[in-house]
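Chemist: from the sequence below, what's the structure:
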Amino acid sequence: MSTFRVDDKVSDYIVRSCTPPDEVVAGLVRRTAEVGELYEMMTPVEEAALLTLIARITGATTVVEVGTFTGLSALSFARGMPADGRVITCDVTQEWLEIAREYWQRAGVEDKIEFRLGPARKTLATLAETVRADIVFVDADKASYPHYYAGAVPLLRSGGLLILDNVLLKGTVVDPSNAGGELQQYVAEIMDSVNEQLAADDRFDTVMLSIGDGEHHAQEMRPR
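Modeler: Numbering: from 1, shown residues only. Just a heads-up that it's a prediction; the model follows:
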């Protein structure tokens, strides 16, 4: 399930060395595979397990997610949160929401997850008026990451965690000129710029992980 595979054997070994997904997650993986080539948009299972651990370790009670798809990452966060925790997840489409809600219910976390329909930039701006999030997780339209980055910062509590997903774009960020077509090159250039800006942002302590297609983790360190 790793998205970014430098070596298939090593990647498969990593997945086998994690706690195996339970039947709910395995079922959601199989169900998502039925949507066709968009299946690749789903959070890899080893990354999903990491999100649960992060929520549990940080004691997160509020998570905001940009990009819902079939709901695995929202489910993963919710599983690591206390009974009164909530995940606010947003997307521009409800196309896969029925799948997501079915598996949220199976996992017993449906009451923790709130779905909001609409452009994420507008949703983030609205939430910033009332919400202070422990974690903001971004896994959506890659060309819009600069806007999501900017919109996420006002949402974070002091010490909160911003996680940007797919920041390696299968390695194309290293040399965007070799990303393929014009669109792929354009998106790779944007992601490379976001990665550079986040690493230099003195409001955060950052680390990039090569799990999945790459995650950029940034902890907000300014006192509020």
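
Chemist: output the lowest mean pLDDT helix or strand found in the chain.
Modeler: Across the helices and strands of the chain, mean pLDDT, DSSP states H and E gives its lowest value to helix 8-16, namely a mean of 80.

Chemist: what's it packed up against?
Modeler: Applying 3 or more Cβ pairs under 8 Å, 6 or more residues apart in numbering; DSSP states H and E, we find helix 8-16 packed against helix 45-58. Backbone N, C-alpha and C define where each C-beta goes, glycine included.

Chemist: what's the angle between the helix it packs on and helix 8-16?
Modeler: For helix 45-58 against helix 8-16, the angle by axes from the mean of the first three to the mean of the last three Cα atoms, to 10 degrees is 40 degrees.

Chemist: kindly indicate whether Pro82 is helix, strand or coil.
Modeler: Three-state call for Pro82 (DSSP: H, G, I helix; E, B strand; the rest coil): coil.

Chemist: could you measure it against Ser73, distance?
Modeler: As judged by Cβ to Cβ, to the nearest Å, Pro82 and Ser73 stand 18 Å apart.

Chemist: helices along this structure, start to end?
Modeler: With helices called from DSSP state H, the chain shows them at 8-16, 23-33, 45-58, 72-79, 97-107, 120-127, 145-152, 182-200.

Chemist: buried residues, the strand ranked longest in the chain. List them.
Modeler: When the chain is parsed with DSSP state E, its longest strand is strand 156-165. Buried residues in strand 156-165, counted by 16 or more other Cβ atoms under 10 Å: Leu156, Gly160, Leu161, Leu162, Ile163, Leu164, Asp165.

Chemist: helix 45-58 and that strand, what's the angle between them?
Modeler: Orientation check (the same axes, to 10 degrees): strand 156-165 against helix 45-58 gives 170 degrees.

Chemist: can you name the residues in contact with strand 156-165?
Modeler: Here strand 156-165 makes contact (Cβ atoms under 8 Å, 6 or more residues apart in numbering) with 43, 47, 51, 54, 58, 132-139, 145, 148-149, 152-153, 194, 198, 204, 212-224.

Chemist: buried among those residues? Need that as a selection in PyMOL.
Modeler: One line in PyMOL is enough to select the buried ones among these; burial here means 16+ other Cβ under 10 Å:
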select buried, resi 43+47+51+54+58+133+134+135+136+137+138+139+145+148+149+152+153+194+198+204+212+213+214+215+216+217+218+219+220
